[in-house]
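Q: This is a predicted model, with the sequence first.
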Protein chains: 2
Amino acid sequence: MPVNYRTPAAADLLPVAGVRLGVAAAAIRKQDRNDLTVLALDPGCRVAGVFTANRFCAAPVHVCRRHLQLGSDVHALVINTGIANAGTGEQGWQAAAESCAALGLLLGIADRQVLPFSTGVILEPLPVDRLIAGLPDCVADLRADNWHAAAHAIMTTDTVAKAASRRLEIDGRSVTITGISKGAGMIRPNMATMLGFIATDAGVAAPLLQQLLREAADESFNCISVDGDTSTNDSLILIATGQAGIECSDAGSPAYAQLREAVTAVAMELAQAIIRDGEGASKFITVAVEGGRDRQECKRVGYAVAHSPLVKTAFFASDPNLGRILAAIGYADVDALDVNRLRVWLAGGGREILVAENGGRAASYSESDGARIMRADEITVRVELERGPARAAVYTCDLSYDYVKINADYRS
Amino acid sequence: MPVNYRTPAAADLLPVAGVRLGVAAAAIRKQDRNDLTVLALDPGCRVAGVFTANRFCAAPVHVCRRHLQLGSDVHALVINTGIANAGTGEQGWQAAAESCAALGLLLGIADRQVLPFSTGVILEPLPVDRLIAGLPDCVADLRADNWHAAAHAIMTTDTVAKAASRRLEIDGRSVTITGISKGAGMIRPNMATMLGFIATDAGVAAPLLQQLLREAADESFNCISVDGDTSTNDSLILIATGQAGIECSDAGSPAYAQLREAVTAVAMELAQAIIRDGEGASKFITVAVEGGRDRQECKRVGYAVAHSPLVKTAFFASDPNLGRILAAIGYADVDALDVNRLRVWLAGGGREILVAENGGRAASYSESDGARIMRADEITVRVELERGPARAAVYTCDLSYDYVKINADYRS
């Protein structure tokens, strides 16, 4: 059960003019589920992507990068779940390329105008024949109001589909942003989450679109962690169809600022949904770090706390064993950190209490207050470093029996 | 139940001339268990220490560092379990200092000749009055053949006491090395494990003793991880009493080489015992990385694999979901790693099989072979990077339900 998250209803996922989606059951790894998705883009769309920093990155990630480098006149995306097509060598590249060629043939576009994405088990070959055999069904299913079905078709160990939608007015025009994401484990994106696809009908010049995506990813998908494992397949795509009749080409314009805020909000909702549905998660944890010299050191502190199995099991147990948080801050590799200056608060259920100051437990802290907050299902750890103006927030979940169960059982 | 580890019998832990140990039940945190230990050293002993890199390091670590900087004429160690005296601010320093003063008074030595050590819960005050009240019983108990009792008295979540002993001949003299350690969680030492104390009756000049300890720690305690959490209290102490009648002062001498090898073997046995008794551990995993440009990058790869919750749950489940190992290698931050050149083997139960090469699964690999090896309780992942002459091994355990249970329940 995800923590305070529910998939939006199909009717609440607004179509984005210029984008149609189709799904099909191709038996990639399991029978009787939709596991193949195609996005078809009208001519004139611009596409930006950010990808995993994992050096063992999947074949489709290589192919995406190459196709985007050739220019961004992308006309279609093909996404399979079940098999990641990672750690598959030459054969994997071949399979990703064949998928693009087959979809290109069906849609009458070039191979390089197709971007492929895979998610699922690593080190096993992609059954590319079954994938190709499923493409005609996807194409027959293409509809603008199909985001809900696509959000379901890209799931792996996710327990709920993840989607978000916004409509706003920019320069008197109605602009829509809709996105979907998937991921629940092997989540510590370093570029993007496992898979995320966001589209807007605003028009955005290609270099600015890439900048917009990086900025939005940096505040959302690049601030989450379930287990600290950076996936081989992380990909986040932003599509701008331009059909709303507005064009952003100036990073300093109010229109761009509005669009950026709305795209970031959608990205944040999708990223946080992944944590709320994190494998075995029973709590949603925010680690908000303030007063750092730069954003990077704030993130290092946030991730040290967010990755600590000891901190995560204490959250699971609702045990205010808060010294574990101090220990994690202490090994976060912050140069010349003065532990006597930093302060740590804990918030949840509408209350915030000071936990630590002057290198030790705060005089005002009481175990019963700590215990009450630890029972909340949304908890914020706030850390004030008192050494600069920077801040960052990192989002994570607790570590439960179910995390072990899910990952000990996955594949079987 | 630890993985293939049994505490040596009391009779197998050889006394080290010049070191006496005493234990007592001081009710530091729990009743009716020995939780306080004193080591009394004869005049002329030399003492070296390496300590945690955690910036939130415990008060006793600060006091140890200061006392060692004043010179190494240490005459006593005092160790309590139950409360870590970390995250305790001014009050914590005071408590550590008072412990030293009280023991100094009892033994007729200066405060600065005592080193204090604590392990247990962070952020709670050390009950220094109870500790001091327990010291006379420790002193009354001082005996040279008391290593076994001391190994038990320093335990926290350990399920077995950890100790090792060696006797060897150097330059015609019989030399003894005996050590104890404790730790089962919050283990990713970066200097030393939670607590380890090793003594030899060989004589070693002070700077050389520190070098010897660093070298031994680098190959043992600094190569293990249970959960990636670097503790606030990690301390490893090496005592050289000099009473065996041999003196090492030359790092190039055969005598030093012999002593170094034996001390490292004891340190390795103690460090590996911590992993074999890792919280919830059901398997002992060695990640052996070869062909790196330097030892540091080999260790980064080793630790990435050893820290991955996905890899560790797969070991727990005996599931050859080996793509997770490749993914961990891929995010290990090795500059310009060529994933097409590296090879990965899996060994256990007397067999070794090639898992991955050429960026993908090896043609000779079969799932049933992988599954058979994953069922062994001692497994080695061997990674050949093919980019240089360096190597390193990292030791870890699997991640089980019991890890979550132990850490969700600890304190309660």
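A: Received the coordinates, thanks.
Q: Double-check A:Arg341 against A:Glu386; I have them as touching.
A: Yes - the criterion here is CB atoms under 8 Å, and A:Arg341 meets it with A:Glu386 at 4.5 Å. C-beta: built from backbone N, CA, C; applies to glycine.
Q: Give the burial count for A:Leu135, as a bare number.
A: 21 (other CB atoms under 10 Å in any protein chain shown).
Q: Would you double-check that it falls in a helix?
A: Yes - under DSSP: H, G, I helix; E, B strand; the rest coil, A:Leu135 sits within a helix.
Q: so what pLDDT did it get?
A: Per-residue pLDDT puts A:Leu135 at 98.
Q: Next, work out how far apart it and A:His152 are.
A: If you measure A:Leu135 against A:His152 using CB to CB, to the nearest Å, the figure is 18 Å.
Q: And A:Arg20, by the same measure?
A: A:Arg20 is 17 Å from A:His152, where distance means CB to CB.
Q: Can you tell me the number of residues neighbouring the residue nearest to A:Arg65 when sequence neighbours are not counted?
A: Leaving aside its chain neighbours, A:Arg65 sits nearest to A:Phe51 (6.3 Å; criterion: CB to CB, 6 or more residues apart in numbering or on different chains). Neighbour count of A:Phe51, defined by other CB under 10 Å: 22.
Q: Got the confidence number for A:Phe51?
A: So A:Phe51 comes in at 87 (pLDDT).
Q: Bridged to it, which residues?
A: With DSSP bridges as the criterion, A:Phe51 is bridged to A:Ser235.
Q: Relative to chain B, how far out is it?
A: Distance, A:Phe51 to chain B, by CB to the nearest CB, to the nearest Å: 13 Å.
Q: And A:Arg372, by the same measure?
A: 16 Å.
Q: The one helix or strand that residue maps to: how far from the chain's middle?
A: Using DSSP states H and E, the element containing A:Arg372 is helix A:367-374. Centre-to-centre, helix A:367-374 and its host chain are 31 Å apart (CA atoms, centre = their mean, to the nearest Å).
Q: Contacts made by that helix with the rest, please.
A: The list of residues contacting helix A:367-374 from outside it, by CB atoms under 8 Å, 6 or more residues apart in numbering or on different chains, reads A:314-315, A:318-320, A:322, A:346-349, A:351, A:353, A:355, A:379.
Q: Which residue ranges make up the domains of chain A?
A: A:10-276, A:284-409 (automatic domain parsing).
Q: now for the first one, what's the gap between its first and last residues?
A: If I follow you right, that is domain A:10-276. In domain A:10-276, first residue to last residue: 20 Å (CA to CA, to the nearest Å).
Q: circling back: now render the domains of chain A as JSON lines, adding distance to B:Gln243.
A: Formatted as JSON lines, the domains of chain A follow (distance: least, CB to CB, whole Å):
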{"stretch": "domain A:10-276", "distance to B:Gln243": "48"}
{"stretch": "domain A:284-409", "distance to B:Gln243": "38"}
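Q: Assign A:Thr37 to one of the three secondary structure states.
A: strand.
Q: where does chain A dip in pLDDT?
A: Within chain A, the segments meeting pLDDT under 70 span A:72, A:185-194, A:226-231, A:409-412.
Q: show me where it has helices.
A: A:59-69, A:89-107, A:128-140, A:147-153, A:206-219, A:254-276, A:295-307, A:309-316, A:323-330, A:367-374, A:401-409 (DSSP state H).
Q: quick one: buried residues of the first one?
A: Neighbour-count burial for helix A:59-69, with 16 or more other CB atoms under 10 Å in any protein chain shown as criterion, is recorded at A:Ala59, A:Pro60, A:Val61, A:His62, A:Val63, A:Cys64, A:His67, A:Leu68.
Q: So the second one is in contact with A:Ser118, correct?
A: Yes - taking CB under 8 Å as the definition, A:Pro60 is a contact partner of A:Ser118 at 4.8 Å.
Q: what touches both of these two?
A: A:Asn85, A:Ala96, A:Asn233.
Q: possible to save those as a markdown table with neighbour count?
A: Below are those laid out as a markdown table (neighbours: other CB atoms under 10 Å in any protein chain shown):
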| residue | neighbour count |
| --- | --- |
| A:Asn85 | 33 |
| A:Ala96 | 29 |
| A:Asn233 | 27 |
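Q: can I get the residues you listed in JSON lines with distance to chain B?
A: Listed next are the shared contacts of A:Pro60 and A:Ser118 as JSON lines, based on distance: CB to the nearest CB, whole Å:
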{"residue": "A:Asn85", "distance to chain B": "10"}
{"residue": "A:Ala96", "distance to chain B": "13"}
{"residue": "A:Asn233", "distance to chain B": "9"}
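Q: picking up where we left off before, quick one, which of A:Arg20 and A:His152 is more surrounded?
A: Using other CB under 10 Å as the criterion, A:Arg20 and A:His152 rank with A:His152 on top: 23 against 20.
Q: so what's that one up against?
A: A:Val23, A:Asn34, A:Ala161.
Q: In the residues you listed, which residue is surrounded by the most others?
A: Neighbour max across these (other CB under 10 Å) = A:Val23, 26 neighbours.
Q: gap between that residue and A:Arg6?
A: 21 Å.
Q: so what's A:Val61 closest to, chain neighbours aside?
A: Among residues not flanking A:Val61 along the chain, A:Phe51 sits closest, at 5.1 Å (CB to CB, 6+ apart).
Q: now A:Ala59
A: That would be A:Gly92: by CB to CB, 6+ apart, it lies 3.5 Å from A:Ala59.
Q: Let me know whether that neighbour touches A:Leu126 as I believe.
A: Yes - between A:Gly92 and A:Leu126 there is a contact at 6.7 Å, judged by CB under 8 Å.
Q: between these two, what contacts are shared?
A: A:Ala59, A:Asn85.
Q: follow-up on the earlier one: ok, now how distant is the residue nearest to A:Val61 from B:Arg324?
A: Taking CB to CB, one finds A:Phe51 at 19 Å from B:Arg324.
Q: Check A:Ser364 too.
A: Taking CB to CB, one finds A:Ser364 at 44 Å from B:Arg324.
Q: Between the two, which is the more surrounded one?
A: Comparing A:Ser364 with B:Arg324 by other CB under 10 Å, the one with more neighbours is B:Arg324, at 29 against 10.
Q: wait, that one sits on A:Ile122?
A: Yes - using CB under 8 Å, B:Arg324 is in contact with A:Ile122, at 6.6 Å.
Q: hmm, stretch A:310-326 touching chain B?
A: Yes - applying CB under 8 Å from any CB of the partner chain, one finds stretch A:310-326 touching chain B at A:Leu310, A:Thr313, A:Ala314, A:Phe316, A:Ala317, A:Asp319, A:Asn321, A:Leu322, A:Gly323, A:Arg324, A:Leu326.
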